[in-house]
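>>> Generate a structure from the sequence data that follows.
(3 chains)
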Amino acid sequence: MTDRSLFLLAVAVTLGLALLSLFIGVSSVSLAALFSEGPDSRAMQVLLISRIPRTIAILLSGVAMAVAGMIMQMLTRNRFVEPSTAGTVESASLGILAVTILTPSMPLIGKMVVASLFALGGTGLFLAILNRIQWKTVLIVPLVGLVLGGVISSIADFFAYRYDLLQTLSTWRNGDFSGVLRGRYELLWITAALTFVAYLAADRFTVAGMGEAFTTNLGLAYKRVMTLGLVIVSIVTAVIVVTVGIVPFLGLVVPNIVSMFVGDNMRRGLPWVALLGGFLVMLCDIAGRLVRFPYEIPVGTVMGVVGSVLFLYLLLSRRTSHG
Amino acid sequence: MIKVSKLSKAYGDTIVVDDVNLDLPRGGVTAIIGPNGAGKSTLLSMISRLLPMTAGSVTVGGLDVSKTLSGELAKRLSILRQDNHIAARLTVRDLVSFGRYPHSKGRLTVKDKEHIDRAIAYLNLEPLADRFIDEMSGGQRQRAYVAMVLAQDTEFVLLDEPLNNLDMKHAVEMMKLIRRAASETGRTIVLVLHDINFASCYADHIVVMRDGKLAYQGTPAEVVTPEIMRDVYEIDIKVHTIAGQLISVYYD
Amino acid sequence: MADAQILQRGQLSQPVLMLMFLSALAILLMALFMTVGARGDWSFILAFRGKKLAALVMVGFAIAVSTVAFQTVTANRILTPALMGFDALYILMNSVLVFLFGSLTIVAADPIMLFMLNVAAMVGFALLLFRFLFSDSTRSLLLVLLVGIILGTLFRSLTDFTLRLIDPNEFIVLQDFFFANFNTVNADLLWVSAIIILVVSAVGVSRLHALDVITLGRDQAINLGVDHTREVGITIVLVTVLVSVSTALVGPVTFFGLLVANLAYVLIRDHRHVFIMPAAALLAVICLIGGQMLLERLLNFDSSLSIVIEFAGGLVFIFLLLRGAAR
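Numbering: from 1, shown residues only, chains lettered A, B, ... in the order given. I've put the predicted structure just below:
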């Protein structure tokens, strides 16, 4: 089977899963009901208002988070970095919290812009700290990021506690698609545009992944590529935090798995990363809907288990392959 | 004496020490030499119970090392390995004081203090006694560790490459000191050495290992010969007698 | 060794002076904690605050001592039981027990029995984890650290998952476990905790010298006649029991141990555990009581002490990494 047909098969599988997702939920939606009861039926309403938006949101955010992780891994030249291991997610949450407390009436898009700026600042801080570490190893990078994230979230916790917003804060931190309805997720389309930009700039990111000297040698402006990447990652993170909440370790696990099979050329790898990201989130969300039917387990929790196990596997198997 | 019988160490299918039988006499300095990967350090580690053995047995001064209580052995046998990393900040005196642990379990007596002072003096560490070891040079640190092992005051002393990190001056001083410790106090000192010439000049007895096996043993005069050296190291080595000492020359 | 030095020089050594100072400060803070702003029925206030004080002291002691011991046996100054996911594991064990036996049985069960069962399960699991991570001496410290942090995330997600499986409606109630709270102390367990801490201390105090030797690393410890495997095993068991006690009392606290242990190393410029352990414990008590009073009485921020501690501890951790402490 050629690469191309394999990819098309994978796309078909993911779309099949998406189709399945339309029919899984508390209120039953069946094909028969859709056809027999006409366009104004309750089943059709559920489909249009809840199921289709939810499925689209899952695909969009899965794709975007996986690609954002891939970009970050290129830019930091480290396999274990992604928005939730670099302080990006925590900074974005802090940003929205600040807006929620200070100017609660600001429209969603404004909140998102502020959150993006915070995410950019937090990630910049992370990179600045990395630059100051004398003894930089592969593992110290995510360690610094995780702890920096912890420090930033404790600031958020502090204020959330005072203003009784801890519950809200936890919805940003833990991805959950059960609240997605028509009119509440459309911001996510921004991430689709950004993913497309990332694809166009894929070669630049691949080059930047080989280091500043290498990039400059090829006549590219390293700083500009870095900035582009960081802006994409920050906006994607902010949008997802605002709309559905973050899915931990997705951006870490997916690019690592793809890299094993396709390698690190981003132009070749990116479509796979995007597809697998959407697929994995879809799978985890459907599992979360079914395990304790009719209750739902948020996808963030499911992925917290699946993602940490995969992350641990990547960490521990690394030794045997690289000595 | 140290008695090694049918001693082996294997990691999975890789055999590092292969059925070694060895009797080391009481007193004097014994050097273990051999090419990289010959199993010298592994042998020393098993003799000193740092590493469990796959097969065979070791007795030191009549005590079976795998059966005797570790605390008892520590009064008879001491071992110093190459890489010693300590997270805590210790002064030289702190470190040397630890040598008395097997005897005093942390409560130092006047006699313990004498041992500590003597060991510090023996290695000329008095000016450095209150310095932190993580602030000292590799050579100074090495001397501090040797002082600790001497303060332990054991009949048998095993040293794994004690000349590592030392320049020529300090290496010669260290070997002289080891010699002196053996002859003055009647200890049995066994060390792994890399440099054949240090072995031939300062050891009473040389043990040669290759591929995990005991290849040769004897006095320097018996072992340091062009034939044996070529057999073991697989390069041409000329042996000259200079001022009564056997010096190997292996630079083409 | 300490007594000999005191007698010989005719003056107090630096660590002893420091310990005296810290003790005085701790006692002063405790007295303030019991009395400041108290109005009304004294017997009620003393009983109420006394319980809280006892819990804070025990938690501080348990976290400080377990962290120092853990750092000694793992030969570094950046790893802590909490960073290895030990207290997340405690919470997980709790919810797994609820899942297996049903929440009714658990609520009806004797809290002390339950606690003991939990501790036993924890010790077993912690020993396994420890053996797995430290049996191979070539494993890098950073890897162990990272694995620990991810394990923490895994345990927390699993707890979350289990709790939702048990009863999605009461999920929020059960979730209170996640946040360390120095205000709502589990009073049922005060006596048991006190007894456990006393027993652990009694077992531990005779091993302090052995811990000093273990500071030198495995090879040197064996050379000096310490049964390294056994001592490390015992230490891990004691550490796990202490972590269980502190988690049962107030919930998980990630960076606190790191903070006080490293502060103790800086203040007590001596390697001996006889000095470091009490210093770390006193510092922990000072931080907890002082911090609690500062936030509660002066700034009127109730219950956010654990958050402030996490913030400060995280900064210390990054600082230590920058300084190359994990090398």
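
>>> Provide the secondary structure category for A:Val247.
Here A:Val247 is recorded as coil under DSSP: H, G, I helix; E, B strand; the rest coil.

>>> From C:Val147, how far out is the residue in the stretch 1-150 of chain A positioned nearest to chain C?
Relative to chain C, the nearest point of the stretch 1-150 of chain A is A:Leu139 (3.8 Å; C-beta to the nearest C-beta). In short, each C-beta sits where N, CA and C put it, glycine included. Per C-beta to C-beta, to the nearest Å, A:Leu139 is found 10 Å from C:Val147.

>>> buried stuff in stretch B:8-15?
The neighbour-count check on stretch B:8-15 (16 or more other C-beta atoms under 10 Å in any protein chain shown) flags B:Ser8, B:Lys9, B:Ile15 as buried.

>>> before we move on, what SS does the most centrally placed residue in chain B have?
Central residue of chain B (C-alpha atoms, centre = their mean): B:Leu159, 1.8 Å from the mean position. Using three-state DSSP, the structure places B:Leu159 in strand.

>>> Poorly predicted segments of chain B, please.
Residues of chain B meeting the criterion pLDDT under 70: B:87.

>>> Enumerate the residues of the stretch 101-250 of chain C near chain B.
C:208-209, C:212-213, C:215-220, C:222-227 (C-beta under 8 Å from any C-beta of the partner chain).

>>> Max pairwise distance over the residues you listed: which two?
Across those, the longest distance by C-beta to C-beta is 20.8 Å; it joins C:Leu208 and C:Asp219.

>>> and A:Gly245, what does it touch?
Counting by C-beta atoms under 8 Å, 6 or more residues apart in numbering or on different chains, A:Gly245 touches A:Thr171, A:Trp172, A:Arg173, A:Asn174, A:Gly175, A:Asp176, A:Pro298, A:Gly300.

>>> that older thread, can you add distance to chain C and secondary structure and give the buried residues of stretch B:8-15 back as a markdown table?
Formatted as a markdown table, the buried residues of stretch B:8-15 follow (distance: C-beta to the nearest C-beta, whole Å; DSSP: H, G, I helix; E, B strand; the rest coil):
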| residue | distance to chain C | secondary structure |
| --- | --- | --- |
| B:Ser8 | 21 | strand |
| B:Lys9 | 16 | strand |
| B:Ile15 | 20 | strand |
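
>>> My understanding was that C:Arg49 contacts C:Leu32; is that so?
No: using C-beta atoms under 8 Å, C:Arg49 is not in contact with C:Leu32, being 10.7 Å away.

>>> And the worst-scoring helix or strand of chain A on mean pLDDT, what's buried?
Taking mean pLDDT, DSSP states H and E as the measure, chain A has helix A:31-37 as its least confident helix or strand, at a mean of 74. Neighbour-count burial for helix A:31-37, with 16+ other C-beta under 10 Å as criterion, is recorded at A:Ala33, A:Leu34.

>>> Contacts for it, please.
Residues from elsewhere that reach helix A:31-37 (C-beta under 8 Å, 6+ apart): A:Phe23, A:Ser41, A:Ala43, A:Met44, A:Leu47.

>>> Which part of the stretch 101-250 of chain C gets nearest to chain A, residue-wise?
For the stretch 101-250 of chain C, C-beta to the nearest C-beta, closest residue to chain A: C:Ser157, 2.9 Å.

>>> what about C:Phe21, neighbour count?
Using other C-beta atoms under 10 Å in any protein chain shown, C:Phe21 is surrounded by 13 other residues.

>>> Spell out which helix or strand contains it, please.
Following DSSP states H and E, one finds C:Phe21 within helix C:14-35.

>>> quick one on the thing from earlier: which one among the contacts of helix A:31-37 gets closest to A:Val254?
A:Phe23 (25.8 Å).

>>> How about the contacts made by that closest one?
Contacts of A:Phe23 by C-beta under 8 Å, 6+ apart are A:Val29, A:Ser30, A:Leu31, A:Arg51.

>>> For the stretch 1-150 of chain B, which residues are neighbours of chain C?
Within the stretch 1-150 of chain B, the residues that sit near chain C (C-beta under 8 Å from any C-beta) are B:48-50, B:69-75, B:78-81, B:84-90, B:94-95, B:97-99, B:101-102, B:105-108, B:149.

>>> re earlier: which members of the contacts of A:Phe23 are classed as buried?
Buried by 16+ other C-beta under 10 Å: A:Val29, A:Arg51, out of the contacts of A:Phe23.

>>> number of nearby residues for residue 216?
With no chain named, the answer covers chain A. Close neighbours of A:Thr216, defined as other C-beta under 10 Å, add up to 13.

>>> Chain C is the one I meant
Using other C-beta under 10 Å, C:Leu216 has 27 other residues around it.

>>> Give me the three-state assignment for B:Ile32.
strand.

>>> Would you pull up the residue in the stretch 151-252 of chain B closest to chain C?
Residue nearest to chain C within the stretch 151-252 of chain B: B:Gln152 (7.2 Å; C-beta to the nearest C-beta).

>>> Now the residue nearest to that residue when sequence neighbours are not counted: phi and psi?
Leaving aside its sequence neighbours, B:Gln152 sits nearest to B:Gly99 (C-beta to C-beta, 6 or more residues apart in numbering or on different chains; 4.1 Å). When read as degrees, to the nearest 10, the backbone of B:Gly99 gives phi -60, psi -20.

>>> OK, contacts around residue 202?
No chain in the question, so chain A it is. The contact partners of A:Ala202, by C-beta under 8 Å, 6+ apart, come to A:Met266, A:Arg267, A:Leu270.

>>> oops, chain B please
By C-beta under 8 Å, 6+ apart, B:Tyr202 lies in contact with B:Val29, B:Ala31, B:Met175, B:Lys176, B:Ile178, B:Arg179.

>>> Point out the ones among the residues you listed that are inside helices.
Secondary structure from DSSP state H places B:Met175, B:Lys176, B:Ile178, B:Arg179 of the contacts of B:Tyr202 in helices.

>>> Show me the residues of the stretch 101-250 of chain C next to chain B that map onto helices.
Counting by DSSP H, those contribute C:Leu208, C:His209, C:Asp212, C:Val213, C:Arg218, C:Asp219, C:Gln220, C:Ile222, C:Asn223 to helices.

>>> who's in contact with the third one?
In other words, C:Asp212. C:Asp212 makes contact with B:Phe98, B:Tyr101, B:Gly106, C:His271, C:Arg272, C:His273 under the criterion C-beta under 8 Å, 6+ apart.

>>> Near the residue of chain C found nearest chain B, how many other residues are there?
Among the residues of chain C, C:Gly225 lies closest to chain B, at 2.7 Å counting by C-beta to the nearest C-beta. With neighbours defined by other C-beta under 10 Å, the count for C:Gly225 comes to 23.

>>> before we move on, what about B:Glu184?
For B:Glu184, using other C-beta under 10 Å, the count is 9.

>>> For stretch A:75-95, measure first residue to last.
Start and end residues of stretch A:75-95 are separated by 23 Å (C-alpha to C-alpha, to the nearest Å).

>>> average pLDDT for it?
What stretch A:75-95 shows for mean pLDDT is 91.

>>> residues touching the residue of the stretch 101-250 of chain C closest to chain A, list them.
Neighbours of C:Ser157 in contact, by C-beta under 8 Å, 6+ apart: A:Pro248, A:Thr301, A:Gly304, A:Val305, A:Ser308.

>>> let's see 10 Å
Under the criterion of C-beta atoms under 10 Å, 6 or more residues apart in numbering or on different chains, the neighbours of C:Ser157 are A:174, A:248-249, A:300-309, C:88, C:92.

>>> ok, B:Arg187 touching B:Asp153?
Yes: under the criterion of C-beta atoms under 10 Å, B:Arg187 makes contact with B:Asp153 at 8.9 Å.

>>> Please enumerate the shared neighbours of those two.
Joint contacts of B:Arg187 and B:Asp153 (C-beta under 10 Å, 6+ apart) are B:Ser78.

>>> circling back to that earlier point, please see if the helix holding C:Phe21 touches chain B.
No: judged by C-beta under 10 Å from any C-beta of the partner chain, helix C:14-35 makes no contact with chain B; its nearest approach is 12.3 Å.
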